[in-house]
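Colleague: only geometry, no sequence info:
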């Protein structure tokens, strides 16, 4: 039996094509199709239901120390109401999940976990909770993502809140309980709004009533994130890949040590890794998808794609995959084997197109 | 004008003399969603009934298109990769992917007519 989010009835009412994702019956796309939805988010504003994702918090003395044990990132000096993208590592340095952690207080952290990982994440975290630390799972909360350059205007019009000066990756409260964070998975300016399951349908309908907003399904969410080179758990990263393999060294704090997987990460950083996750753009025509082999000019297999598809913005086939480190430089010519044919491709810097997220400095005032 | 016939794999076939014009049905198009590429065969390629001769790539997936008859590819629709909206047109109006010279016309007898295809679709949902 598939699980349903609080917005399930609304999706059906909107005519969504529904499909299974991580045990949930989710909207894949609505009437106009995936490419139109993708383009709408890039030009206006889209509303995504991402309530299948897990929301949890760690509170109490020792929470900071626990977060530092679970992730390779530095949180000690992170300001309140700021968010970091990071990864949970296992003892072997493999990625258990990638997640957003917002610091909501000195010893208070809010986490957003992948739908397909949340159960194992919570079990893993729970097994390391001790002392005064409390882990709380918000299973009665929905999560809406409002993404696109008009998102700020939409929230002003619909909720009468001004977010102009709200910095990237921050958090905000409104009359009824609601967390708003300026972040997302599309590369556009936008917000994720956590709200109770009870209030979620009314809020979604209010937002959708705005001319600039259309509902967007998971299929466009995937093509949007692929254009930004954002990793998808279970595809581009998994329990075997370290953050160094995944080319996420930027999230590893140089000063942090003693976290799970530290030895592997440290070794990968100092000795280098055999293969790394990079982007590819197809030069020949075709579509390169997950699982396709990457080959060199002599037809030697040098890697494999972990994501791939059509980019509506670039009108080209783009992909991500792990390839031998000798082939990771931007512009390197490689071949992607699609149904037995070698299609020419080039290593492409990530993101494929520039991010339009707002990187506001904190207000001086 | 010849009638359009259908296969169980959702190919649409229009027969013009000894040449079959082959595309995919509206049902297949809807199931595939937004198309992004069509991979065409070489002209002259010999096909047996059931051979894959083209691949239609959509945002979601890659779908093989199979030959409804034995024959030889005499023309591929070179306009289609650049104008994917062509596929939604009637076969005779630009919606064909390839034209196949038919070796054995009796194989056409196994194809469904419009009414039979519509009945067949009802069994799929």
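Modeller: Structure received. Quick caveat: nothing in here was measured; it's all calculated off a predicted structure. Numbering: from 1, shown residues only, chains lettered A, B, ... in the order given.
Colleague: Can you tell me, leaving aside adjacent residues, what's nearest to residue 112?
Modeller: Using chain A. residue A:100 (4.5 Å; C-beta to C-beta, 6 or more residues apart in numbering or on different chains). In short, each C-beta sits where N, CA and C put it, glycine included.
Colleague: try again with chain B
Modeller: residue B:6 (4.6 Å).
Colleague: Residue A:323 too?
Modeller: residue A:303 (3.3 Å).
Colleague: Need the outlier residue of the chain, farthest from its centre.
Modeller: Chain wasn't specified; assuming chain A. Going by C-alpha atoms, centre = their mean, the residue of chain A most distant from its centre is residue A:298, 35.7 Å out.
Colleague: what's near enough to touch residue 50?
Modeller: Chain wasn't specified; assuming chain A. A:143-145, A:192, A:221 (C-beta atoms under 8 Å, 6 or more residues apart in numbering or on different chains).
Colleague: The chain in question should be chain B.
Modeller: B:66-67.
Colleague: Can you pull out the low-pLDDT segments for chain B?
Modeller: In the prediction, chain B carries residues with pLDDT under 70 at positions B:1.
Colleague: pLDDT of stretch A:350-359, averaged?
Modeller: Mean per-residue pLDDT for stretch A:350-359: 90.
Colleague: got the contact list for it?
Modeller: With C-beta under 8 Å, 6+ apart, stretch A:350-359 has contacts from A:149, A:167-168, A:182-184, A:187-190, A:226-230, A:247, A:278-279, A:281, A:311, A:313-314, A:318, A:320.
Colleague: Check the residues you listed for burial and list the buried ones.
Modeller: By neighbour count, with 16 or more other C-beta atoms under 10 Å in any protein chain shown, the contacts of stretch A:350-359 hold A:149, A:167-168, A:182-184, A:187-190, A:226-230, A:247, A:278-279, A:281, A:311, A:318, A:320 as buried.
Colleague: on that earlier part again, check the residue nearest to residue A:323 and give its pLDDT.
Modeller: 98.
Colleague: Please tell me the pLDDT value assigned to the residue of the stretch 51-200 of chain A found nearest chain B.
Modeller: Minimum separation of the stretch 51-200 of chain A from chain B (C-beta to the nearest C-beta) falls at residue A:186, amounting to 16.1 Å. With respect to pLDDT, residue A:186 scores 97.
Colleague: before we move on, the earlier item: hmm, residue B:118 and the residue nearest to residue B:112 touching each other?
Modeller: No - in this structure, residue B:6 is not within contact of residue B:118 by C-beta atoms under 8 Å, at 9.1 Å.
Colleague: So for these two, which residue has more residues nearby?
Modeller: residue B:6 (22 against 12; other C-beta atoms under 10 Å in any protein chain shown).
Colleague: give me the number of residues near the residue nearest to residue A:323?
Modeller: 25.
Colleague: which bits of chain A sit near chain B?
Modeller: Selection of chain A residues close to chain B by C-beta under 8 Å from any C-beta of the partner chain yields A:29, A:33-36, A:219, A:223, A:285-287, A:289, A:309-310, A:317, A:339.
Colleague: Buried only: go through the residues you listed for me.
Modeller: A:29, A:33-36, A:219, A:223, A:286-287, A:289, A:309-310, A:317.
Colleague: Tell me which of those fall in strands.
Modeller: Taking DSSP state E as the definition of strands, these contribute A:29, A:309-310, A:317.
Colleague: from these, which single one is nearest residue A:209?
Modeller: Nearest to residue A:209 among these: residue A:29, at 20.4 Å, using C-beta to C-beta.
Colleague: All the strands of chain B, residue numbers only.
Modeller: B:4-6, B:11-16, B:19-24, B:35-39, B:46-47, B:52-58, B:62-66, B:71-76, B:98-102.
Colleague: Tell me which of those sits most buried.
Modeller: strand B:19-24 (a mean of 25; mean count of other C-beta atoms under 10 Å in any protein chain shown).
Colleague: Next, the angle strand B:52-58 makes with that one.
Modeller: Counting by axes from the mean of the first three to the mean of the last three C-alpha atoms, to 10 degrees, strand B:19-24 points 30 degrees away from the direction of strand B:52-58.
Colleague: Can you name the residues in contact with strand B:19-24?
Modeller: Residues contacting strand B:19-24 (C-beta under 8 Å, 6+ apart): B:10-15, B:32, B:53, B:56, B:63, B:65, B:67-69, B:71, B:74, B:87, B:91-92, B:95-102, B:108.
Colleague: Stretch B:87-101 now?
Modeller: By C-beta under 8 Å, 6+ apart, the list of residues contacting stretch B:87-101 reads B:1, B:4, B:12-14, B:16, B:18-24, B:26, B:29, B:35, B:38, B:40-41, B:47, B:53-54, B:56, B:65, B:67, B:69, B:71-77, B:79-80, B:86.
Colleague: gap between the residue nearest to the spatial centre of chain B and residue B:90?
Modeller: The centre of chain B sits closest to residue B:23, judged by C-alpha atoms, centre = their mean, with a distance of 2.6 Å. With distances taken as C-beta to C-beta, to the nearest Å, residue B:23 is found 9 Å from residue B:90.
Colleague: do residue B:62 as well
Modeller: Taking C-beta to C-beta, one finds residue B:62 at 24 Å from residue B:90.
Colleague: what do you get for residue A:350?
Modeller: 43 Å.
Colleague: Compare neighbour counts for those two and give me the winner.
Modeller: residue A:350 (19 against 13).
Colleague: For the more buried one, grab phi and psi.
Modeller: phi -100, psi 140 (degrees, to the nearest 10).
Colleague: before we move on, what about residue A:201?
Modeller: phi -60, psi -40.
Colleague: burial of it, as a residue count?
Modeller: 18.
Colleague: Low-confidence ranges, the stretch 201-350 of chain A, go.
Modeller: Using pLDDT under 70, nothing in the stretch 201-350 of chain A is flagged.
Colleague: Strands of that one, start to end?
Modeller: For the stretch 201-350 of chain A, strands defined by DSSP state E, counting those that start in this stretch occupy the ranges A:213-215, A:275-282, A:293-295, A:301-311, A:316-324, A:333-338, A:341-348.
Colleague: Serialize the ones you listed to TSV and add fields for distance to residue A:60.
Modeller: Compiled in TSV, the strands of the stretch 201-350 of chain A are given as follows (distance: least, C-beta to C-beta, whole Å):
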stretch	distance to residue A:60
strand A:213-215	38
strand A:275-282	36
strand A:293-295	47
strand A:301-311	38
strand A:316-324	38
strand A:333-338	50
strand A:341-348	45
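Colleague: With that, I have no additional questions.
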